[in-house]
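Q: Could you look at this predicted model? Sequence included:
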Amino acid sequence: MSKTHRRLRGHRPGRRRTGHGRKPPNGLTARHTTAAGATIPHGYTEGAWGSFYRVILPLRGQDKRLFFNCVSDWGVAAAGLLGAILGFAAMGVLGAFLGLGGAIILCDQAMVRGCYIRR
């Protein structure tokens, strides 16, 4: 196998090389910060409330995950109820069903994306 062939093996023309590199020198990337530069908390127990939960709740591991998943599920249910009420007020019975479904889907996706629900 020639040197050129070895060097180009696995190379995809027009695409950047991928691989494990070092972390960027400027700290957190855009994925971990908001537009204003503040860091995004991931879940209930990170950020300012983390130390409060560690003192107040004696939960660790799977028990803590199940507790906060239950809290998040109640939040999704409350959003669904609010969506159903607003949908009923706007469009009647059909709006109640559409509001319930839409609110549950959107709130659940937001909770999972923000790491508030961990399955």
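A: Sure thing, it's come through.
Q: CA atoms for contacts and neighbours, from now on please.
A: OK.
Q: What backbone torsions are found at Ser72?
A: phi -70, psi -40 (degrees, to the nearest 10).
Q: which residue packs closest to Leu81, ignoring adjacent ones?
A: Leu100 (6.3 Å; C-alpha to C-alpha, 6 or more residues apart in numbering).
Q: Per-residue pLDDT of the one you found, please?
A: Note on Leu100: pLDDT of 94.
Q: Point out the other helices and strands that the host helix or strand of it packs with.
A: Here Leu100 sits within helix 93-113, counting by DSSP states H and E. In terms of contacts (3 or more C-alpha pairs under 8 Å, 6 or more residues apart in numbering; DSSP states H and E), helix 93-113 is packed against helix 61-91.
Q: The helix it packs on: which residues count as buried?
A: Residues of helix 61-91 classed as buried: 65, 68-69, 72-73, 75-88 (neighbour count, 16 or more other C-alpha atoms under 10 Å).
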